[in-house]
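1. Coordinates only, no sequence provided:
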């Protein structure tokens, strides 16, 4: 390691770093808390974003009664508990009797 590698950062570098840190802190402060998320009823568009699905998939699943939901007036909404249920119900446990991929490929 040379002496130049240990040189202190310039004023410009420090200002840029401080600006990035300030923006990160502001984003964290604006983020909803866990308690606020528990009370929030998400629109199908926001629920789709959180689930990694399309808005159309969420709306069709609500209309067909495949996923839990609630209504605010006539508008369907999903709570944080509903979204967690959808995520948990999609989990698949591996079959203990399934052949390993290498054995299937050789067959």
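-> Arrived safely, thanks for sending. Quick caveat, the model's predicted, so the values are computed rather than measured.

2. Please count neighbours and contacts with C-alpha atoms only from this point.
-> Will do.

3. measure residue 8 to residue 58 for me?
-> The gap separating residue 8 from residue 58 is 53 Å, by C-alpha to C-alpha, to the nearest Å.

4. now swap in residue 84 and tell me
-> Distance from residue 84 to residue 58, by C-alpha to C-alpha: 14 Å.

5. Looking at these two, which has the bigger crowd around it?
-> Neighbour count, other C-alpha atoms under 10 Å: between residue 84 and residue 58, residue 58 has more, with 22 against 11.

6. who touches the more buried one in this structure?
-> Counting by C-alpha atoms under 8 Å, 6 or more residues apart in numbering, residue 58 makes contact with 44-45, 47-48.

7. report the longest helix in this protein, please.
-> helix 11-30 (DSSP state H).

8. now that helix, how far from the chain's geometric center?
-> Relative to its parent chain, helix 11-30 has a centroid offset of 24 Å by C-alpha atoms, centre = their mean, to the nearest Å.

9. Please shift the residue numbers so they start at 7 in all later answers.
-> Fine by me, first position is 7 from now on; the one you just mentioned is helix 17-36.

10. helices or strands up against the host helix or strand of residue 91?
-> Per DSSP states H and E: residue 91 is located in helix 86-95. Under the contact criterion of 3 or more C-alpha pairs under 8 Å, 6 or more residues apart in numbering; DSSP states H and E, helix 86-95 touches helix 40-45, helix 50-57.

11. ok, of those, where does mean pLDDT dip lowest?
-> Here the helices and strands packed on helix 86-95 differ in mean pLDDT, and the lowest is helix 40-45 at a mean of 64.

12. pLDDT weak spots in this structure?
-> 7-12, 37-45, 107-113 (pLDDT under 70).

13. middle-most residue in it, spatially?
-> residue 56 (4.8 Å; C-alpha atoms, centre = their mean).

14. Find me whatever residue is spatially closest to it, sequence neighbours aside.
-> Of all residues not flanking residue 56 in the chain, residue 89 sits nearest, at 7.9 Å (C-alpha to C-alpha, 6 or more residues apart in numbering).
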